[in-house]
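[1] I'll drop the sequence and a predicted model, then ask my questions.
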Amino acid sequence: MAVTELTSPLAPTLPDGAATAGHDSWRDRRRARRAEHRSMARLTLGTSRAARWGAIVALVVLAVVWLVPFLWAIDTSFKSETDAASSASWFPAAGFTVQAYREVLGHGDVLRWMLNSTVVSVAVTLLTVLISAMAAYAFSRTTFRGRKVLLGLTVAAIMVPGQILIVPLFQQMQAFGLVDTLAGVILPQIVAPVMVFILKGFFDAIPEELLDAARIDGAGPWRLFWTIVVPLSRSILVAVAIFVFIGAWNNFLWPFIVTNDPNLMTLPVGLSTVKNAYGVQYAQTMAAAMVAALPLLVVFMVFQRRIVQGIATTGMGGQ
Amino acid sequence: MTARRRPGYAPAGPVPPGRGPGGGPGMSRRGFLQAALVGAGAVAIGGALAGCATGADGSGRTTVRIWDLFSGADGANMQTMQAAAMKANPDVSIQSVTLAWGSAYYTKLAMASSGGRPPEAAVMHMSRLAGYAPGGLLEPYDLDKLAEVGIRKENFAPAVWERATYQGELYALPLDTHPFISFYNPKIAKQAGLLGSDGKLVSLDGVDTFLDAGREMAKVTGKTGMAFGYLLDTAQAWRLFWGLYGQTGAGYELVPGKAAQLDEKAATEVIELMQSILDGKVVPANQDYAGAIASFTTGRSGLILSGEWELPAFKAAIPDVGGMPLPTLLGTPANYADSHSFVLPKQAHPDPARRDATYRVLANLLSQGSLTWASAGHIPAYQPVLSKPEYQKLTPQRDYAHAGEIVVLDPAVWFAGAGSDFQARMCDAMSASLQGKAKAKSAVDGMLREMDRLLKTPNPA
Amino acid sequence: MTVSSTPAVGQAADRPGRHAGPAPRPAADGVRTRRGVRDRSGYLFVLPFVIAGGLFLAWPIVSGLWMSLTNRSLTGLGSEFIGFDNYVEAFKDPQVWQTLWQTLLFTILSTIPLVLVGLVMALLVHTGLPGQWLWRTSFFASYLLPSAVVASVFVWIFQPDIGLANTLLDKVGLGPVGWLTDKGVAMLSIAMVTVWWTVGFNFLLYLAALQGIPGTLYEAATIDGAGGWRRLFSITLPQLGKVTGIILVLQILASLKVFDQVYLMTAGGPNGSTRPILEYVYDTGFTNYRLGYASAISYVFFAIILVLTLLRLLPSRKGR
């Protein structure tokens, strides 16, 4: 099958060059990007020095405002409790220490919640992407009785804000015996009509001839889905996955409602619900917050362009 | 448990069909997706298993989960007591969980009970019992089983036992009485000339005496004389108010379905008094809970109005910290207090082995742990402890132990109690007036309005 | 190269309007021709989604509606049908109106800066000035924080006595501000924190849209002698009109559903002055056990969101 060669229909949405590219082309692309930035600067700012400096100053001011809370939290997390509680100085009297991190990590709770968050987010992401892609394929490429009605319902469902359902959902989880289980946290999060809608839009753009060619080769619907639709839509699937993952990782309300057992809490819920037994401790609170913030931040810094692209693609919610 | 959880992950099922069409150039991507899916399934099931493992504790010991809300400074003592209880019951593993204090704790506890998998035991303020026992969220204690583990009615003060009972059944096992009192820093008090010949703070009874003392101490600290954190707190303002209201000797009546009966004149007088205390000199007008503690422990104020549960934190910073009941500012000695107790949240599937272990653990915490508990400042409810010489040696505990005899408790109505929406509403209603942004009368009007509203609400418990 | 993301946005951005309408694009015509083939596998493909949607979306909507007509309690007591009593109570409950108003107030206070600041950030970064990675990271990283982290960091910064905010004010000779404790300020503080937290999202959407503006437009304008400001006002901003509309709607809908940061920072206080309606639903249903009444309030809120959503769909239809 010549399927993999046929990347052209969706070429613009596929990752730039991707894995096949070597180091040279990576450098080339970097150079190209630089050149592009320079020409963009010329186009938007013109040649005016004042405009250039004005823009730089504005950027620096904004960046400082946006980074200071981070820096302050990090700074506090490396202080001793006494220093943290006595004054708002950037440089603590007793010097910096990793004591707060030692306490937080030694306690074990934070790591346990991180594991839970990982399990929940990975499961939510994979399940959401899988069932959304399958449904999108069904809406885009198959005919069955009730297709239009279901599609209409899916579009209508986009307008339902999940948050208003917390009360009946809790009651339902109670009836299913899923309160205080990971399944109870995961399952209600996997229904994402908007993702079905976005994916359907992309699947629609795949030329029918490609599928026909495969059909002539005797491929069944499963095979069409896995060998043509999915590979051709890899980029949008990754975009949807990134979006869903961030949402699931940071989701607070539902996990907060459905988990009471701290062993099953996700990171945001555990951090805000469970306290340690030793009173208000600013340095430890900040250390725990930073530990909780770290995984997504690191992932972001490494995959920045991918994530930026994913958010930009899916963020509009198919608008 | 595993068997029950697995169906939840069933949607991972469609994986095998995807595996079917092997070969072809698309293989690697497909392989990747499939591997990812299988991986997710494994992780999810692994998670479920891990969740299960916490129930049984690999070594075969019975797990007893106990929730508490000791985010104050005495959580450490509870840990010590529980460690001792585990030592005495080697077949039991206690899994202790501390949740954020306040309405969040009680909401979670109710949701856990109603969800069917609550902890085996939980700490509850006795003032909350009226909102839990009637609704069927708790299970009553089996008095015979309690007697088997050595806990009897005679071990408690009759009034306390009475308050722990609902419709003839015991729903709460009282642990302590914890009054809202005053602590002082002897060094600062001495410099302010407020220490008596016995090394204790002189009596601060009477409004003027109290305010003067505050100003004297402010001169010493250079900041404020006293500390009291109430901003954004959903209980502190109420604790002080209700204690002082008790000192006026005025009565009240809160009966669901009827209008609230409160002595408005006395209440206004109390708010005015609080306003004059929160003048920015005697006590900062804008202090939150943590800020007040920090202010007192770092010597920026000489006295703090605080629950006695903060004693360990104070002792850590000021080893010779002194304590005494809330000064009698308004005539009648009275001291706001509440009481911690252990309750048994209702289980959907009760496990006799765990139930049995729970009784043994709780009995141990009460009879053996009470002395440790008292070291954190609380007055033990288990009375045999009070007569022990070890208890009589504890300072400043014995200096304020008599606060336990003049206690004012929250009204026994379903919506009131520690961490309740009621307390939060009362604190909210007072907030503007206490910050000096509104008249005292408006706080009282607001409180009455809220009381009336709550009394009119259908009782869902 | 980042331009590669824009067609995707463009594509995604074009879709719903067209597909909501009855006449699909040519690609979908393939579907029509396939209709003769009677590809029944569609049922199997759509089944997992339908089951999940039925269980976790459709059923709660129905059961919630039923619940709102009962006096159901969290304790399991009382599930009697009481007709529209809950709705009558909700319309007379000043707390419902107050929390609803506060939700709207928050939406206004947060949406405007969230859109404007996001736009300014994107415009500045789009100039192509050096340090792209740093700017993007600074502006977007906060969006990746869990609400609990944002809340604890800002509760600490806003700490009245020794927090960073009041210390800085003190240094420049200003008195302390009750960031989260002053009735008049708390809502503003929460809106500010929300801007800090989520503006990165709008920033990215704007940036993607900016990258989609063809460079030839600028080049033509430059040749015509248009200066920087002229280009901004006559090319850039008009080109962003559509994306602004979308961001505005997404933002309003997101802000209306505020819960996390308020619950975690002030729990609705001081004096309930920051409590949004979702928190009132939570308080009513779970803290005060009244599931039935909480459902009724949810549905009143749902109706309002639905009306708003439909209202915005109308003009966009006409526009096409």
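    Cool, the structure landed.
[2] Okay, now the unreliable bits of the chain?
    Using chain A. By pLDDT under 70, the weakly predicted segments of chain A are A:1-24, A:42-47, A:276-280, A:315-319.
[3] should've been chain C
    Applying pLDDT under 70 to chain C flags the ranges C:1-39, C:78, C:313-320.
[4] Residue for residue, what is the longest helix it has?
    Scanning chain C for the longest helix, with DSSP state H as the assignment, gives helix C:94-126.
[5] Could you list every helix and strand that it packs against?
    If contacts are counted by 3 or more Cβ pairs under 8 Å, 6 or more residues apart in numbering or on different chains; DSSP states H and E, helix C:94-126 sits against helix A:23-45, helix A:49-77, helix C:132-141, helix C:183-211, helix C:241-256, helix C:277-282, helix C:291-319. C-betas here are computed from N, CA, C, even on glycine.
[6] just these: most buried one?
    Using mean count of other Cβ atoms under 10 Å in any protein chain shown, the stretch among the helices and strands packed on helix C:94-126 with the largest mean neighbour count is helix C:277-282, at a mean of 25.
[7] hey, C-alpha coordinates of that helix in PDB?
    Output of helix C:277-282 as PDB, limited to C-alpha atoms (Å, rounded to 0.1, in the frame of the first residue of the first chain):
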ATOM      1  CA  ILE C 277     -23.300  30.400  41.300                       C
ATOM      2  CA  LEU C 278     -21.500  27.100  40.800                       C
ATOM      3  CA  GLU C 279     -20.200  27.400  44.300                       C
ATOM      4  CA  TYR C 280     -23.700  28.000  45.500                       C
ATOM      5  CA  VAL C 281     -24.800  24.900  43.700                       C
ATOM      6  CA  TYR C 282     -21.900  23.000  45.500                       C
END
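[8] what residues does stretch B:377-384 touch?
    Outside stretch B:377-384, the residues that touch it by Cβ atoms under 8 Å, 6 or more residues apart in numbering or on different chains are B:74, B:155-157, B:160, B:174-179, B:308-312, B:323, B:339-341, B:366-367, B:370-371, B:373-374, B:386, B:391, B:397, B:401, B:403-404.
[9] Okay, buried residues for the longest helix of chain C please.
    With burial defined by 16 or more other Cβ atoms under 10 Å in any protein chain shown, the residues of helix C:94-126 counted as buried are C:95-96, C:99-100, C:102-107, C:109-111, C:113-115, C:117-126.
[10] Let me know the secondary structure of B:V123.
    Of the three states, B:V123 takes strand under DSSP: H, G, I helix; E, B strand; the rest coil.
[11] What residues does it make contact with?
    B:66-70, B:175, B:340-343.
[12] ok, B:G206 to B:I188 distance?
    Going from B:G206 to B:I188 by Cβ to Cβ, to the nearest Å gives 21 Å.
[13] how about the helices of the stretch 201-319 of chain A, start to end?
    Ranges of helices within the stretch 201-319 of chain A are A:208-216, A:221-224, A:230-232, A:234-250, A:253-258, A:267-273, A:282-302, A:304-315, based on DSSP state H, counting those that start in this stretch.
[14] And the last one, how far out from the chain middle?
    Taking the mean C-alpha point of helix A:304-315 and that of its whole chain, the gap between them comes to 9 Å (Cα atoms, centre = their mean, to the nearest Å).
[15] and B:P179, which of the three is it?
    Of the three states, B:P179 takes strand under three-state DSSP.
[16] Just to check, it is in contact with B:L311?
    No - contact criterion Cβ atoms under 8 Å: B:P179 and B:L311 do not qualify, at 11.5 Å.
[17] Who has more neighbours out of those two?
    B:P179 (29 against 25; other Cβ atoms under 10 Å in any protein chain shown).
[18] Which residues are in contact with that one?
    Going by Cβ under 8 Å, 6+ apart, B:P179 touches B:307-308, B:325-326, B:335-337, B:379, B:400, B:403-404, B:407.
[19] Turn the helices and strands packed on helix C:94-126 into a markdown table, columns for distance to A:Y101.
    Putting those into a markdown table (distance: least, Cβ to Cβ, whole Å) gives the following:
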| stretch | distance to A:Y101 |
| --- | --- |
| helix A:23-45 | 35 |
| helix A:49-77 | 7 |
| helix C:132-141 | 20 |
| helix C:183-211 | 24 |
| helix C:241-256 | 33 |
| helix C:277-282 | 33 |
| helix C:291-319 | 40 |
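[20] so can I have TSV of these showing distance to chain B?
    Output for the helices and strands packed on helix C:94-126, formatted as TSV (distance: least, Cβ to the nearest Cβ, whole Å):
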stretch	distance to chain B
helix A:23-45	21
helix A:49-77	14
helix C:132-141	26
helix C:183-211	7
helix C:241-256	23
helix C:277-282	8
helix C:291-319	8
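[21] which stretch among those helices comes nearest B:Y132?
    B:Y132 sits nearest to helix C:291-319 of all those, at 16.3 Å, using Cβ to Cβ.
[22] can I get the helices of the stretch 201-319 of chain A in JSON lines with distance to C:S152 and mean neighbour count?
    Formatted as JSON lines, the helices of the stretch 201-319 of chain A follow (distance: least, Cβ to Cβ, whole Å; neighbours: other Cβ atoms under 10 Å in any protein chain shown):
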{"stretch": "helix A:208-216", "distance to C:S152": "51", "mean neighbour count": "15"}
{"stretch": "helix A:221-224", "distance to C:S152": "48", "mean neighbour count": "20"}
{"stretch": "helix A:230-232", "distance to C:S152": "41", "mean neighbour count": "23"}
{"stretch": "helix A:234-250", "distance to C:S152": "14", "mean neighbour count": "22"}
{"stretch": "helix A:253-258", "distance to C:S152": "15", "mean neighbour count": "25"}
{"stretch": "helix A:267-273", "distance to C:S152": "7", "mean neighbour count": "26"}
{"stretch": "helix A:282-302", "distance to C:S152": "5", "mean neighbour count": "20"}
{"stretch": "helix A:304-315", "distance to C:S152": "24", "mean neighbour count": "22"}
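[23] Appreciated, that's everything.
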